[in-house]
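A.B. asks: give me coordinates for this.
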Amino acid sequence: MKRTEKVSEKVDRDEEEQGDTSEKEQVEYPYEFDEEKRKKAKVYSKQKMYTGFFGGTILTLLYLSVTYFTGFAEHLSYWIGDMTSGTLLSHHWMNAAIFIAFYFLLLSLISLPVSYYSGFLLEHKYDLSNETLRGWVKDQLKSLAISLLMTTPIILGLFFLGSTFPDLWWLYAGILLFAISGILSNISHLVILPLFYDLEELSDEELKQRLVEMAESHGVKKVEKVVVVKAGEKTEKANAGFAGMGKTKRLLLFDTLLEKFHPKEIESVVAHEMGHYVNKDVIRFMLINAVLIFPMFYLAGEVFTSWWSFANIYHLPIFLLILYGLYSLVDPATLAYSRYREKEADRFAIRAVKDRDAFISTFKRLSDIALSEVDPHRLVEIFFYGHPTPIKRIKMAEEIDKDV
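C.D. replies: Numbers count the residues shown, from 1 in each chain. Down below sits the predicted model:
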């Protein structure tokens, strides 16, 4: 597997995991764009966008529409009822739960070819994945299981509330989803992340102390653990982040970040994530989702119950189509706000590390490693980007003295 920005000599991976710094010191710094990678990025990013849009949006909308308007969803519901008749599963809501699980399982199977192309073949074609086919399949099965375990009771709960409390279901449902999102934001790195990656505490005590001191000096208190996410066996891409609150608080670092990036760049990445934490962006987005979800549920319910009913689970596809239509109206605005919050985290990072050159080098390297398009069309940014484009982040850093 080809790798860029490798050090001049390859050391044993065990030594890297123990925090050996001799390799990092040989990482090219400051980093400049690789023209060959820029050419590849233009092709790769378009292919990922097209396949992602087709597999994630077009295919899903087609599936919802076709299965509902052809009567497939209704026939599926009746078939499940016939199969469970006279058994412990014959209760109305048990039938509904089976319908939901089977319905989304079928969607996953239909989407599998696109997922395989985008998530496996394309990543290997551009030397971005180190994962075996067996490993990819295992991850897909885990993701499907988690999705079904979470989606089935949530949708079941929405339809139960809609049929039991027709006037105030939207209020109860909004409160329920807000509570679930809050819980997941605090425990997902403890429960879900280990299912996909091996985790271990950072053994480089010098780097750990430097990052913790930087975090605490800028308002992120009591970072008890710095955890290495061993992502290199699956991907070449790098990432980092703060997760959890209180005793569950962790600083997460991809091993690819530690391996491929200069120490100053690692600090810039961590400082950006610190900005999100200090600026309470997780709470901000939870509140925004709460503000949106109540009127969205209310409006969706008004339209839905005018022609259909929560009493019949086979109406689920049309309910999801209504919700998608409403959310698509506000999606550009939420993406714009997300880009603004990311920009604020960038500005925080530059102030924290007091080194805009390190920040610029970081995003050039990140863009090349991930083959990101640095300057996409404005419409692509508006409708698909939750982060500022890399070129805008770099220009902001170059002009920070004028701006701040």
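
A.B. asks: low pLDDT regions in the stretch 301-404 of the chain?
C.D. replies: Judged by pLDDT under 70, the stretch 301-404 of the chain has its weakly predicted residues at 401-404.

A.B. asks: for it, which segments count as strands?
C.D. replies: Applying DSSP state E, counting those that start in this stretch to the stretch 301-404 of the chain gives no strands.

A.B. asks: cool, the stretch 101-250 of the chain as well?
C.D. replies: Counting by DSSP E, counting those that start in this stretch, the strands of the stretch 101-250 of the chain are 199-201, 225-229, 240-243, 250-254.

A.B. asks: can you show me the CA trace of the third one as CSV?
C.D. replies: So that's strand 240-243. Provided in CSV are the C-alpha atoms of strand 240-243 (Å, rounded to 0.1, in the frame of the first residue of the first chain):
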residue,chain,number,x,y,z
ALA,A,240,-9.1,13.7,16.7
GLY,A,241,-11.7,14.9,19.1
PHE,A,242,-12.9,15.5,22.6
ALA,A,243,-15.7,13.2,23.8
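
A.B. asks: name the element the closest residue to residue 380 other than its chain neighbours belongs to?
C.D. replies: In this structure, residue 380 finds its nearest non-sequential neighbour in residue 49, 7.1 Å apart by Cβ to Cβ, 6 or more residues apart in numbering. No exception for glycine: its C-beta is placed from N, CA and C like everyone else's. Assigned by DSSP states H and E, residue 49 falls within helix 35-53.

A.B. asks: can you give the contact residues for the very next helix or strand once past that helix?
C.D. replies: Scanning forward in sequence from helix 35-53 by DSSP H and E, the next helix or strand is helix 59-69. Here helix 59-69 makes contact (Cβ atoms under 8 Å, 6 or more residues apart in numbering) with 72-73, 76, 103, 107, 110-111, 114, 314-315, 317-318, 320-321, 324.

A.B. asks: so how far is the helix or strand following helix 59-69 from its chain's centroid?
C.D. replies: Following helix 59-69 in sequence order, the next helix or strand is helix 72-84 (DSSP H and E). Mean C-alpha position of helix 72-84 versus that of the full chain (Cα atoms, centre = their mean, to the nearest Å) differs by 34 Å.

A.B. asks: list just the one of the strands of the stretch 101-250 of the chain that sits closest to residue 336.
C.D. replies: Of all those, it is strand 240-243 that lies closest to residue 336, at 22.1 Å by Cβ to Cβ.

A.B. asks: what's in contact with that closest one?
C.D. replies: Here strand 240-243 makes contact (Cβ under 8 Å, 6+ apart) with 188-189, 215, 220, 223, 249-254, 257, 266, 269-270, 273-274, 276-277.

A.B. asks: now go through the residues you listed and say which are in helices.
C.D. replies: Taking DSSP state H, the ones among the contacts of strand 240-243 that sit in helices are 188, 189, 215, 257, 266, 269, 270, 273, 274, 276, 277.

A.B. asks: widest-spaced pair of the residues you listed?
C.D. replies: 188 and 266 (23.4 Å).

A.B. asks: these two: which has the busier surroundings?
C.D. replies: residue 266 (22 against 13; other Cβ atoms under 10 Å).

A.B. asks: what's the neighbour count on the spatially closest residue to the more buried one that is not a sequence neighbour?
C.D. replies: Spatial nearest neighbour of residue 266, chain neighbours left out: residue 257 (6.1 Å); criterion: Cβ to Cβ, 6+ apart. Other residues near residue 257 come to 24 when the count uses other Cβ under 10 Å.

A.B. asks: which of the strands of the stretch 101-250 of the chain sits most buried?
C.D. replies: strand 250-254 (a mean of 24; mean count of other Cβ atoms under 10 Å).

A.B. asks: tilt between that one and strand 225-229?
C.D. replies: Angle, strand 250-254 to strand 225-229, by axes from the mean of the first three to the mean of the last three Cα atoms, to 10 degrees: 30 degrees.

A.B. asks: pLDDT weak spots in the chain?
C.D. replies: For the chain, the stretches with pLDDT under 70 are 1-25, 401-404.

A.B. asks: so it: which segments form each domain?
C.D. replies: With domains defined by automatic domain parsing, the chain comprises 30-197+277-403, 199-276.

A.B. asks: deepest of these, which one?
C.D. replies: Highest mean neighbour count among those (mean count of other Cβ under 10 Å): domain 199-276, with a mean of 19.

A.B. asks: for residue 198, phi and psi?
C.D. replies: Reported as degrees, to the nearest 10, the phi and psi values for residue 198 are phi -80, psi 140.

A.B. asks: got the contact list for residue 54?
C.D. replies: residue 114.

A.B. asks: distance of it from residue 231?
C.D. replies: Per Cβ to Cβ, to the nearest Å, residue 54 is found 26 Å from residue 231.

A.B. asks: in what element of secondary structure is the closest residue to residue 170 other than its chain neighbours found?
C.D. replies: Once flanking residues are discounted, residue 170 sits nearest to residue 297: 3.7 Å by Cβ to Cβ, 6+ apart. Assigned by DSSP H and E, residue 297 belongs to helix 281-307.

A.B. asks: do I have it right that residue 128 meets residue 237?
C.D. replies: Yes. Here residue 128 reaches residue 237: they are 6.5 Å apart, a contact under Cβ atoms under 8 Å.

A.B. asks: for stretch 350-362, the distance to its chain's centre please.
C.D. replies: Counting by Cα atoms, centre = their mean, stretch 350-362 comes out at 25 Å from the chain centroid.

A.B. asks: can you start the count at 609 instead of 1 from here on
C.D. replies: Right, with 609 as the first residue, what we last looked at is stretch 958-970.

A.B. asks: start and end of that stretch, how far apart?
C.D. replies: Chord length of stretch 958-970, first to last residue, is 11 Å (Cα to Cα, to the nearest Å).

A.B. asks: ditto for stretch 913-933
C.D. replies: 16 Å.

A.B. asks: who's in contact with it?
C.D. replies: Contacts for stretch 913-933 (Cβ under 8 Å, 6+ apart): 669, 672-673, 675-676, 681-682, 684-685, 703-704, 707-708, 711, 763, 766-767, 769-771, 774, 777, 904, 908, 911-912.
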